[in-house]
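>>> Got a sequence here, can you model it:
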Amino acid sequence: MRGLGFLVVALAACLCDANSDTGYQIGAGIWDITGPAAQTGMMGYAMENQATRGLHYRLRARAFIFAAGEQRVVYVSTDSCMVFTEVKAAVLVKLQAIYGNLYVDDNIILSGIHTHAGPAGFAYLPIYNLASFGFHQENFNTIVAGIVSAIKMAHDKLSPGGRVLINYGKLWDANINRSPFSYLANSAEERASYPDGNTDKNITVLRLEDQDGNELGVISFFAVHGTSMTNKNHLISGDNKGHASYLFEKLKNNGSLPGFGNFVAAFGQSNEGDVSPNTKGAFCPDGTPCDFATSTCNGKSEGCNAIGPGVDQFDSTHIIGQRQFDAALGLYNNATRVLSTKIRYVHTYIDMGNISVSAKFTSTGQDETTCHGSLGDAFAAGTTDGPGMFNFQQNTNSSKNPYWNFIGGFLSRPTKEEVACQAPKQILLNTGDISFPAPWTARILPISILQLGELYIVAVPGEFTTMAGRRLRNTVRGVLESLGAADDNTTVVIAGLSNAYSHYITTFEEFGIQRYEGASTLYGPHTLAAYQQEYAKLAAALVTGTPVPPGPTPPDYSKGVYNFQPAHVVDRHPIGKPFGTVAQDAQPSYKLNDTVSVQFWGANPRTDYYTQESFLNVEYLEADGVTWTVSLADSCWDTKFEWSDDGAGTSLITITWNIALDTVPGTYRIKYFGTAKENPLTNTLTRFTGVSSKFVVGN
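This is a model prediction of the structure:
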């Protein structure tokens with residue numbers, strides 16, 4: 001998240017352990033979590049003018065269950081910007097209604113891939129709903145139901161005797177550090193110990209098989225932001241990680257439409273806090289590099305934009321997704337080391353606004369404390385992936401915007417103690433103490449560690465920077481080694497944006513620079529040290545079997561939600577042109593690599609998400625001259641579904657198909673599926689279809 005565009009049971013932290021030599025039970029599932037494809041602000045860039053106007057491809061939840069003996073764990077990668085506490089809580093309610101206490105808070109990790117191209121409005125905390133003008137219950141319900149359905153599918157597909165093979169390597173050309181100036185604040189000695197440089201190049205891959213060697217799925221961990229799609233985009237997309245999943249699943253599922261094959265591929269997020277996919281770097285409009293320290297052009301952040309490797313945002317998304325896919329596939333194909341069958345997990349909640357941090361973990365060498373949450377001025381400057389507004393700058397410890405200082409002070413003025421605690425951060429929004437209509441950022445946060453054999457997955461509720469992630473991994477590994485639980489085969493990975501969201505976590509040194517990531521580190525300069533301390537406790541408890549207190553219960557802020565988005569009133573069509581009528585037809589013939597574009601008089605897609613369905617089909621005429629077979633749907637990379645309207649209820653739908661070079665020549669047509677609200681006085685919805693003329697695709 002970036003920028004300021006505007007304003008288990010009883011022991012939820014029990015430790016469980018299971019060992020077995022009969023292999024894992026493994027199940028994989030996938031389900032649609034795509035939200036409203038029109039008129040809904042998008043989550044991530046926080047730009048009030050960036051609302052959904054269509055769909056490039058659908059968002060999915062990808063669930064994996066690992067069981068051994070009486071114990072099991074669940075890992076779910078969601079094509080969402082992040083996961084909020086309330087989302088997981090709602091998932092647990094539904095799961096426990098089906099399975100009782102088989103799945104609880106402790107043994108589930110929900111991790112967002114951090115796409116910035118999905119609909120917002122699925123959080124209870126107000127700051128995350130600004131771009132969407134409030135909370136969207138239907139979007140929230142769709143995400144929750146999709147995660148539950150993916151887990152249920154994985155549960156139903158559990159098969160015994162499975163194997164988890166692990167492999168890891170380096171991916172060198174898919175990320176860069178977007179705040180290298182901050183990274184340089186870390187000591188030269190520490191930086192020199194990481195030959196990867198200022199971003200992690202580690203990619204870890206898990207190959208999942210059943211007892212007969214049949215391939216079930218893959219999980220990959222690699223750190224890179226989901227910001228290949230820019231803040232000018234209006235189409236729903238899983239960004240580069242979603243595309244990598246699409247490519248892997250397309251390869252393994254033998255012609256199944258996306259989302260409907262048995263093989264499930266998750267490209268999970270890691271410590272991507274300062275990591276950008278825009279590998280060419282950041283430049284000003286005149287082509288010169290942005291200022292290194294402040295990421296500005298002529299003193300303004302608005303003109304400094306990072307550039308991806310492609311000719312446009314779609315091409316860049318494809319390239320970075322393809323590179324992750326290629327690297328993961330190579331490691332997958334060459335994986336030989338099998339994880340031992342051992343499941344352990346530990347989980348608790350902590351009050352991040354009030355943690356006493358031992359000198360053992362702090363960078364000052366003294367006992368310190370965390371602070372009430374707040375966001376600094378540089379938060380509003382945004383990043384090179386998505387610059388902010390109102391002339392805020394990164395790398396600043398003094399405010400230059402009296403208007404927004406007044407607004408922030410009006411909402412909640414920090415005390416002298418809070419100002420001192422957050423120093424050198426210049427507090428813009430004192431989010432931890434704003435209470436209207438609810439607190440703006442979380443304070444009670446979940447932390448957990450999940451073990452599969454020699455793999456330890458550290459689930460973190462935020463965005464750790466490269467060096468912050470390295471320190472946390474080292475802390476966990478150090479505890480494991482001290483207790484004799486780690487050797488050369490041990491791997492520690494970070495699952496980012498898991499189970500809750502709390503913005504960024506930088507090192508103490510990076511915090512002092514106060515670029516975007518430091519200004520977005522909510523709980524002050526000792527935030528990372530606090531996490532290191534608390535995860536060290538968890539790691540020790542995991543190994544020794546020591547029970548961990550459940551910690552404080554997260555408050556329920558559902559009563560504080562709001563929604564100011566006007567309701568969709570009615571769908572209209574031109575006189576004599578019913579819904580589904582072709583407004584611009586296909587041409588009679590096309591060649592490979594051409595683009596087909598068809599327009600229909602349609603309806604607002606906000607009224608019907610077509611979950612597990614499609615807004616469009618590309619259909620192929622079989623040899624009998626009668627049967628039409630679905631070749632592509634709206635989850636495919638080569639199609640786009642775009643919506644526009646006249647402001648009075650008349651919608652124009654544009655469907656495009658970029659004809660891939662491997663397309664089978666023949667006769668095709670485009671089919672559109674829509675849902676209309678024809679009567680403004682009722683809630684009745686009517687589904688309809690539109691069909692283009694036939695056209696021929698030749699070589």
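
>>> from here on, contacts and neighbour counts on C-alpha atoms
Noted.

>>> The closest residue in space to residue 421 that isn't next to it in sequence: what's it in contact with?
Excluding its sequence neighbours, the residue lying closest to residue 421 (CA to CA, 6 or more residues apart in numbering) is residue 371, at 6.0 Å. With contacts taken as CA atoms under 8 Å, 6 or more residues apart in numbering, residue 371 has the following neighbours: 352-354, 418, 421-422, 522-524.

>>> Likewise for residue 40?
Listed by CA under 8 Å, 6+ apart, the contact set of residue 40 reads 51-52, 119-120, 132.

>>> buried subset of the residues you listed?
With burial judged by 16 or more other CA atoms under 10 Å, the buried subset of the contacts of residue 40 is 51-52, 119-120, 132.

>>> Quick check: the gap between the residue nearest to residue 421 and residue 189.
Going from residue 371 to residue 189 by CA to CA, to the nearest Å gives 29 Å.

>>> ok, now residue 312?
As for residue 312, its distance to residue 189 is 39 Å (criterion: CA to CA).

>>> so where's the stretch 251-400 of the chain uncertain?
Across the stretch 251-400 of the chain, residues meeting the criterion (pLDDT under 70) sit at 387-400.

>>> residue boundaries of the strands in the stretch 451-600 of the chain?
In the stretch 451-600 of the chain, the segments counted as strands under DSSP state E, counting those that start in this stretch are 455-459, 463-464, 491-495, 504-505, 582-584, 589-591, 595-602.

>>> chain center to the third one: distance?
In this view, strand 491-495 has its centroid 17 Å away from the chain centroid, taken as CA atoms, centre = their mean, to the nearest Å.

>>> for it, packing partners?
Using 3 or more CA pairs under 8 Å, 6 or more residues apart in numbering; DSSP states H and E as the contact criterion, the elements in contact with strand 491-495 are strand 215-221, strand 455-459, helix 466-482.

>>> 7 Å instead?
In terms of contacts (3 or more CA pairs under 7 Å, 6 or more residues apart in numbering; DSSP states H and E), strand 491-495 is packed against strand 455-459, helix 466-482.

>>> Comparing the ones you listed, which stretch has the densest surroundings?
Between the helices and strands packed on strand 491-495, strand 455-459 has the highest mean count of neighbours, a mean of 23, where neighbours are mean count of other CA atoms under 10 Å.

>>> Compare residue 312 and residue 189 and say which one has the larger neighbour count.
The residue with the greater number of neighbours, taking residue 312 and residue 189 and applying other CA atoms under 10 Å, is residue 312; the counts read 14 against 8.

>>> measure the more buried one to residue 50 for me?
With the distance defined as CA to CA, residue 312 ends up 18 Å from residue 50.

>>> How many neighbouring residues does residue 245 have?
Taking other CA under 10 Å as the criterion, the count of residues near residue 245 is 27.

>>> Please give me every residue in contact with residue 108.
Taking CA atoms under 7 Å, 6 or more residues apart in numbering as the definition of contact, the neighbours of residue 108 are 73-75.

>>> TSV please, covering the strands of the stretch 451-600 of the chain and showing mean pLDDT.
Output for those, formatted as TSV (pLDDT from 0 to 100):
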stretch	mean pLDDT
strand 455-459	98
strand 463-464	98
strand 491-495	98
strand 504-505	98
strand 582-584	98
strand 589-591	98
strand 595-602	98
